[in-house]
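Enquirer: Below are the sequence and a predicted model; questions follow.
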Amino acid sequence: MEQASYIAAQVINGLQLGAVYALIALGYTMVYGILRLINFAHGDIFMLGAFVAYFLISRFGMPLYLVFFATMAVTALSGYLMEKIAYKPLRNAPRISLLITAVGVSLFLEYFCSLRSIFTPDYIGFPRPFEMETYNFSPGGFEFSFTNVQALIFAITFSALVLLYLLVYRTKQGRAMRAVSYDQETAALMGINIDNTVSLTFMVGAALAGMGGVLYGIAYPQINVFMGIMPGIKSFIAAVLGGIGIIHGAVIGGLIVGVSEVIVSAFLSSTYRDGVIFVILLIVLLVKPSGIFGKRSDKV
Amino acid sequence: MTNHFSNEVPVVLAIDGLCVSYGIIGVLDNVSLEVRRGEILSIVGANGAGKSTLLKSITGLVRPASGSIDFDGTRITTLRTDVIVRMGVTMVPEGRRIFPDLTVKENLELGGFSQPDKKVHRDLLDLIVTSFPRLKERMKQHAGTLSGGEQQMLAMGRALMSHPKLLLLDEPSMGLSPIITREIFSLITRINSEKGISMILVEQNAHMALEHSHRSCVLENGRITLQGPSGKIKHDPRIVEAYLGV
Ligand SMILES: Nc1ncnc2c1ncn2[C@@H]1O[C@H](COP(=O)(O)OP(=O)(O)OP(=O)(O)O)[C@@H](O)[C@H]1O
Ligand SMILES: [Mg+2]
């Protein structure tokens, strides 16, 4: 029984981490879907989100719900500028040029933000906007608990997903996004403005990553300008695992990656927590490169 | 069809000295042509002659190196595709390019994406559905499950949803049986005569193209080598030998 409770606790921790990965993975998958670009700088947008929230809370004492909106607005704007400045001029260039540019943008953001006049190269503590509380449950002697931080993460991630689904599947702009990701030329012939649709996709992805950054800061209150690298890679793997370009795939992939990471560090050793994610990637690439929900194997 | 378009009928599309290349390879060389209101102009030519490239330049999917394209008196040479579509030019692309995972209805609605007025949009949809009865029965079906002929009708219906003044058709008979081809061509002629929509009809099936157009151009290696009323071109010995396979 004790063992079962321990496993349950770890799974909940894993889902907490996985929810953040899912938020980042959505941006990877949407941008890939529309431009066939792996935006390596996406993890850095997540970092930017955490830092913006840090300043809004510690300098301005902004209430939490406003912090979310303001941070998402700032990261959405960054995503917009990133696309316009770095990727748009390369729309018709070979894909490798885009990929190299993405790596460049990523490095730029990391080192630019580590300047002391911008952020800082050090680890800094993220101010908890509220006291952490733990709720204990013991239905039939089976004990488990979760915290208000976890409740917040699940509630916010879930609402974001519902909104994203409504946007993509119920609005005209969402239909445009799907059309562009399927066939850009034909979408243009439908009268769809490709540039605006691409911009919107970048902005939505960046807003979600920014939201992930705030949640991450609240849950794991140490932030650093390089904090986007590993979560970025893991979220990318999550997107591949779920089937790149597929929205629910990114979410399921994120949750699987988060849970695997936490379970492995709880039961094996935390040394393997990053390694296991690459094992997952290898397995996906060997068994089903199109991912869990991927239909065609030629999409990747 | 007889050519009854005098010089008084206004010109809808005027192309002058159009040159297009992909990288260093020139594809269109000094192409000039005109389409008058209500007219069907067919473009006949072999594989790789540059027919699709010509249509793509008109819709802004390919940027010309030089030359000009005017639609309804406005220069559209460098405009974006969606802007050109909103002005009233649209294209049924080669290979139809329908959205297979969307339903027939959703495909048609996408065609009317630029129509801001909901009522106009609904009326257009009703109109198209009644003129394409085969689509009517299949509105909720995924477009990918349609037959080739039905997909061609869907692609045409989708293009008509944008309420075009000029419709560009790229090989509408591609991969279709002779019976379906005839059905598609009679639809094309009907749309042209009922709605007065001007058209450029690109075809490898020269016989059908000459039969269903008012005027024709012959495109060879990126140059227009012959143009005139279809009824005349049909009997030109060079065309009879090269394209009509007698
Ligand atoms: N995107 C492209 N990049 C490079 N070359 C291209 C591209 N598209 C077409 N071409 C070349 O341009 C030439 C004309 O192509 P186009 O598709 O316009 O011919 P077409 O007359 O439509 O032929 P078909 O009857 O086979 O459809 C061909 O030699 C083709 O290889
Ligand atoms: Mg062609």
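Expert: Ah, there it is. Ligands and ions are numbered 1, 2, ... in the order given.
Enquirer: How about the residue of the stretch 151-300 of chain A found nearest ligand 2, nearest residue that isn't a chain neighbour?
Expert: Per C-beta to the ion, A:Glu185 is where the stretch 151-300 of chain A lies closest to ligand 2, at 13.3 Å. For every residue, glycine as well, the C-beta is placed using N, CA and C. In this structure, A:Glu185 finds its nearest non-sequential neighbour in B:Leu61, 5.5 Å apart by C-beta to C-beta, 6 or more residues apart in numbering or on different chains.
Enquirer: Was I right to think the one you found contacts B:Arg80?
Expert: No. The pair B:Leu61 / B:Arg80 is not scored as a contact, 10.0 Å apart, by C-beta atoms under 8 Å.
Enquirer: overlap in contacts of those two?
Expert: Common contacts of B:Leu61 and B:Arg80 (C-beta atoms under 8 Å, 6 or more residues apart in numbering or on different chains): A:Ala188.
Enquirer: any chance you could map the strands in chain B?
Expert: Along chain B, the stretches classed as strands by DSSP state E are B:11-22, B:25-36, B:40-44, B:66-71, B:74-75, B:89-92, B:166-170, B:198-203, B:215-220, B:223-229.
Enquirer: Helices of the stretch 201-300 of chain A, residue ranges please.
Expert: Using DSSP state H, counting those that start in this stretch, the helices of the stretch 201-300 of chain A run over A:229-242, A:247-267, A:275-287.
Enquirer: quick one on the thing from earlier: and the helix or strand hosting the residue of the stretch 151-300 of chain A closest to ligand 2, anywhere near ligand 1?
Expert: Using DSSP states H and E, A:Glu185 falls within helix A:184-189. No. Residues of helix A:184-189 are not located near ligand 1 by C-beta under 6 Å from any ligand atom, the shortest gap being 10.4 Å.
Enquirer: Need the contact partners of that helix.
Expert: So helix A:184-189 is contacted by A:176, A:179-180, A:194, A:197, B:59-61, B:80-82, B:85, B:90-91, B:93, B:97, B:99, B:110, B:159 (C-beta under 8 Å, 6+ apart).
Enquirer: Quick check: the residue of the stretch 151-300 of chain A closest to ligand 2 vs B:Leu219, distance?
Expert: Plainly put, A:Glu185 is 21 Å away from B:Leu219 if you go by C-beta to C-beta, to the nearest Å.
Enquirer: Neighbour count for those two, which is higher?
Expert: With neighbours defined as other C-beta atoms under 10 Å in any protein chain shown, A:Glu185 and B:Leu219 compare such that B:Leu219 has more, 23 against 16.
Enquirer: Identify the residue spatially nearest to that one, adjacent ones excluded.
Expert: Closest residue to B:Leu219 apart from its sequence neighbours, by C-beta to C-beta, 6+ apart: B:Gly45 at 3.7 Å.
Enquirer: now A:Val149
Expert: That would be A:Ala219: by C-beta to C-beta, 6+ apart, it lies 5.3 Å from A:Val149.
Enquirer: residues in contact with that neighbour?
Expert: So A:Ala219 contacts A:Gln16, A:Leu17, A:Val20, A:Val149, A:Gln150, A:Ile153 (C-beta under 8 Å, 6+ apart).
Enquirer: go on, A:Pro221?
Expert: For A:Pro221, the contact set (C-beta under 8 Å, 6+ apart) comprises A:Gly125, A:Phe126, A:Pro127, A:Arg128.
Enquirer: what does chain B put close to ligand 1?
Expert: Contact residues, chain B versus ligand 1 (C-beta under 6 Å from any ligand atom): B:Tyr22, B:Val27, B:Gly45, B:Asn47, B:Gly48, B:Ala49, B:Gly50, B:Lys51, B:Ser52, B:Thr53, B:Glu94, B:Gln204.
Enquirer: Helices - which of those land there?
Expert: Assigned to helices by DSSP state H, the following of these qualify: B:Lys51, B:Ser52, B:Thr53.
Enquirer: Kindly tell me how buried B:Ser66 is, as a neighbour count.
Expert: Based on other C-beta under 10 Å, the number of other residues close to B:Ser66 is 12.
Enquirer: scratch that, B:Leu187
Expert: 17.
Enquirer: one step back: from memory the residue nearest to B:Leu219 sits against B:Thr53, does it?
Expert: No. Assessed by C-beta under 8 Å, B:Gly45 is found out of contact with B:Thr53, at 10.8 Å.
Enquirer: so where is chain A shaky, pLDDT-wise?
Expert: Within chain A, the segments meeting pLDDT under 70 span A:1, A:296-300.
Enquirer: Residue in it with the shortest distance to chain B?
Expert: Nearest residue of chain A to chain B (C-beta to the nearest C-beta) works out as A:Gly191 at 3.0 Å.
Enquirer: was I right about that residue contacting B:Pro116?
Expert: No. Using C-beta under 8 Å, A:Gly191 makes no contact with B:Pro116, being 10.4 Å away.
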